[in-house]
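Trainee: can you look at this prediction? I've put the sequence above it.
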Amino acid sequence: MRSFPFTADVYLSLFEAYNSTIWPAQVVAYGLGILALFLTLRPLPAGGRLAFAVLSAFWLWNGIVYHLMYFFQINFAALGFAALFALQGVLFATMAIGGRRSFRFQPDVLGWSGALFCLFALVAYPLLGWIAGHGWPRAAAFGVAPAPTVIFTFGMLLMLGGRVSLYLAVIPLLWSLAAGSAAVFLLRIPEDWSLLLGGLAAFSLLIWKRRRQSMS
């Protein structure tokens, strides 16, 4: 009896159908991701709102379109995932409406780590998938698929100014642990080692930043 509801081939075939159907949403997602990253380098008066709005759009899209309309076809647990991703999208939307926080790259450990996470999600993650033998259109594309979106989100949170809001990173961490473990150990998708390990590393850095802020 199978202990997992689908195989790696079924999972990758779902991405193939998904990517073909939603094209060119992937191009739009890349444009929005680059814009959000640019705003950390060249802060604007409304830059924080725009960046949070981009993150909100990514998470709502993944919750409603990817999980609910596609992933649910092969995994009933996607209904719960959709709810969590939508909740994260609402949290980011609330931050965008509030407009009190901004993202800014600082040339320190957190800033460089955040920038590397974002660049990894945009460039290295799809490249690793191609090397592993399941490139386009079977790839998990940035902004419209959970794994690179979560990695990018961690990168942005590492560059968020002000006091660390760990609650914004809880759902991304849970997805990193659950989906990363399943993808690596059950489906044998090697690029998702970055999701699993990256989630742990980024959350640890956020805790470290919060403790440092508490001591100052």
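Mentor: Yes, it's here.
Trainee: excluding covalently adjacent residues, which one is nearest to the one residue sitting closest to the centre of the chain?
Mentor: Nearest to the centroid of the C-alpha atoms of the chain, with distances taken as C-alpha atoms, centre = their mean, sits residue 150, at 1.7 Å. Using C-beta to C-beta, 6 or more residues apart in numbering and skipping residues adjacent in sequence, the residue nearest residue 150 is residue 172, 4.9 Å away. All C-beta spots, glycine's among them, are computed from the backbone N, C-alpha and C.
Trainee: measure the residue nearest to the centre of the chain to residue 211 for me?
Mentor: Residue 150 sits 23 Å away from residue 211, taking C-beta to C-beta, to the nearest Å as the criterion.
Trainee: before we move on, what about residue 43?
Mentor: 26 Å.
Trainee: likewise for residue 92?
Mentor: If you go by C-beta to C-beta, the gap between residue 92 and residue 211 works out to 24 Å.
Trainee: more crowded one of those two?
Mentor: A side-by-side neighbour count of residue 92 and residue 211, using other C-beta atoms under 10 Å, places residue 92 first with 23 against 11.
Trainee: quick one: pLDDT of the more buried one?
Mentor: Residue 92 is assigned a pLDDT of 97 by the prediction.
Trainee: related to what we said a few turns ago, which SSE is immediately downstream of the helix or strand harbouring the residue nearest to the centre of the chain?
Mentor: Per DSSP states H and E, residue 150 falls inside helix 146-158. Heading C-terminal from helix 146-158, the first helix or strand you meet, by DSSP H and E, is helix 167-181.
Trainee: next SSE downstream of that following helix?
Mentor: Next along the chain after helix 167-181, taking DSSP H and E as the criterion, comes helix 193-215.
Trainee: from the chain's centroid, how far away is that following helix?
Mentor: Chain-centre distance of helix 193-215: 15 Å, with C-alpha atoms, centre = their mean, to the nearest Å.
Trainee: helices and strands around that helix, which ones?
Mentor: helix 109-119, helix 146-158, helix 167-181 (3 or more C-beta pairs under 8 Å, 6 or more residues apart in numbering; DSSP states H and E).
Trainee: okay if I get those helices as CSV plus distance to residue 70?
Mentor: Shown next, in CSV, are the helices and strands packed on helix 193-215 (distance: least, C-beta to C-beta, whole Å):
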stretch, distance to residue 70
helix 109-119, 25
helix 146-158, 11
helix 167-181, 15
